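In: attaching a predicted model along with its sequence, questions to come.
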Amino acid sequence: MSEITLASCAPDVLLSHLALYGLAAILEAGGLTAVRAAWSRDGDPRPVVSAPGLTGEQAAAVIAAHARRAADPASWLHRSITVNGSPRALMSPRLSALGDEATWRHAQQQRHQVLDELTASGNWLDLRFLAALGEPCYWVRDRQDRIQQDNATSRLEMQPRNRGSEFVGNRLRKVAAAVAARTASQILSGVLGQTVRDEADGDAADSRTATGLAAPGPADNALAWCALWGISQLPLAMRVQTDPRIPVTAVTTGHLGRGRSEWFYAPVWAYPWRPARIRTILAAAQTRTVASEGMDRNARPLPAEGTGRTQPMATGSDLTAARRWLADRQVTGIMRFPVERFGSDNAPERRAMRGQPIPVRERI
């Protein structure tokens, strides 16, 4: 069994977790067998991906092929529709307001065609990615009967919406082109943390290539490519609105709260897991329960004991049972990432801040 380590990826940065998920998923989709992912078992844990006979060169070749397929003009990344007179990426989950019924129907027809083509070709990773990202939402309305079309989108999709910007056209296409243009050795160097090249954003000091998964600054494009595809491992559950007075949004795996009190969370585990097991643990109620420790039912920090009557999101017995369940599966802790907003209220930039560790084993 051979392995590669993402040496620059610390567990208190959300991008590190997503890069681990995405790299394992890309390698598995690229035909490697028995792919496993874990965190190194030392005092400074780092993401590790392993497979029988895996070499860095082999991993880089698979990443390169994956990026080149995505960068191909025939790929779904390059399908576009016209919204308010401007071209927009068809498969972006958040777009400028589509407006009239004809535009909605056309967008849905074109999206379904993409999904049918991916299904026919057995491209399961792309299908899982699109399902996790979500879609423009036509079935949720506010009290004024206005369509809330962002409400079926993954909260992990944090591309700012300035001047019609959207995730696929303004982020994914650029990173795909940058990685596709690299040599295998350049890709490997970036994934291993030996170099940082941010071609997609010109190596800008305030680069947004990480797209909310890390603080602004240059992010190696090969590593960022893996991280953005890591979203594919965090399923999205759609919700149907029954009362227009209550805001309804899709439920994103690995996310708690809404509005001004949001959090992402991710497990840290000690023994190698297959990507399917990662998806299972990420979506498990027990993982969510432990991640909610110290929060009320609205994902706000609980007040000091004796200062209020706010109910916790999970009871003490629920937390104990959930910790035991996770410990039995070699989970050593949960990292919880507060989400902050920056910029204007009209087009806020959401960003996952440094993670806060929640131990699992020590509290049983």
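Out: Nice, thanks for sending it over.
In: so what's the most centrally placed residue in the chain up against?
Out: In the chain, the C-alpha nearest the mean C-alpha coordinate belongs to Ile231, at 3.0 Å (CA atoms, centre = their mean). If you count contacts by CB atoms under 8 Å, 6 or more residues apart in numbering, Ile231 has them with Leu18, Gly22, Phe129, Ala132, Leu133, Ser154, Leu156, Glu157. For glycine as for every other residue, the C-beta is placed from the backbone atoms N, C-alpha and C.
In: try 7 Å this time
Out: Leu18, Phe129, Ala132, Leu133, Ser154, Leu156 (CB atoms under 7 Å, 6 or more residues apart in numbering).
In: for the helix or strand harbouring the third one, name the packing helices and strands.
Out: Assignment of secondary structure by DSSP states H and E places Ala132 within helix 124-133. With contacts taken as 3 or more CB pairs under 7 Å, 6 or more residues apart in numbering; DSSP states H and E, helix 124-133 sits against helix 101-120.
In: who touches the helix it packs on?
Out: By CB under 7 Å, 6+ apart, helix 101-120 touches Trp76, Arg79, Ile81, Val83, Leu90, Met91, Leu98, Asp126, Leu127, Glu135, Pro136, Tyr138.
In: how does it look with 8 Å?
Out: Here helix 101-120 has contacts from 76, 79, 81, 83, 90-91, 98, 126-127, 130, 135-136, 138, using CB under 8 Å, 6+ apart.
In: the helix or strand harbouring Val339: partners in the sheet, and parallel or antiparallel?
Out: In the assignment (DSSP H and E), Val339 maps to strand 331-342. Within its sheet, strand 331-342 is paired with strand 261-269 (antiparallel), strand 349-352 (antiparallel), strand 356-359 (antiparallel), according to DSSP bridges.
In: now mean pLDDT too, for those, in JSON lines please.
Out: Listed next are the strands paired with strand 331-342 as JSON lines, based on pLDDT from 0 to 100:
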{"stretch": "strand 261-269", "mean pLDDT": "96"}
{"stretch": "strand 349-352", "mean pLDDT": "95"}
{"stretch": "strand 356-359", "mean pLDDT": "95"}
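In: TSV for those strands, including mean neighbour count and distance to Gln148?
Out: Shown next, in TSV, are the strands paired with strand 331-342 (neighbours: other CB atoms under 10 Å; distance: least, CB to CB, whole Å):
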stretch	mean neighbour count	distance to Gln148
strand 261-269	22	17
strand 349-352	21	17
strand 356-359	15	31
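In: now Ala200: how far from Ala178?
Out: Here the criterion is CB to CB, to the nearest Å. By it, Ala200 lies 5 Å from Ala178.
In: Pro218 is nearest to which of the strands paired with strand 331-342?
Out: For Pro218, the closest of those is strand 349-352, at 15.7 Å, according to CB to CB.
In: next one: the closest one to chain centre, how far?
Out: 12 Å (CA atoms, centre = their mean, to the nearest Å).
In: how many other residues sit next to Ala285?
Out: 11 (other CB atoms under 10 Å).
In: what's the nearest residue to it once chain neighbours are set aside sitting at in phi/psi?
Out: Closest residue in space to Ala285, ignoring its immediate chain neighbours: Ala322 at 7.6 Å, by CB to CB, 6 or more residues apart in numbering. Dihedral pair for Ala322: phi -70, psi -40, per degrees, to the nearest 10.
In: check which residues of stretch 217-225 are buried.
Out: Gly217, Pro218, Ala219, Asp220, Asn221, Ala222, Leu223, Ala224, Trp225 (16 or more other CB atoms under 10 Å).
In: please apply the same query to stretch 69-88.
Out: Ala70, Ala71, Ser75, Trp76, Leu77, His78, Arg79, Ser80, Ile81, Val83, Arg88.
In: quick check: end-to-end length of it?
Out: 20 Å (CA to CA, to the nearest Å).
In: do the same with stretch 25-39
Out: End-to-end for stretch 25-39, by CA to CA: 16 Å.
In: pLDDT of it, averaged?
Out: Average pLDDT, stretch 25-39: 97.
In: name the surrounding residues that touch it.
Out: Contacts to stretch 25-39, defined as CB under 8 Å, 6+ apart, come from residues 11, 20-21, 23-24, 45-52, 54, 58-59, 62-63, 65-66, 124-125, 128, 226, 229-230, 232-233, 268-275, 278, 332.
In: among the residues you listed, which are in strands?
Out: With DSSP state E as the criterion, strands contain Pro47, Val48, Val49, Ser50, Ala51, Val268, Trp269, Thr332 from among these.
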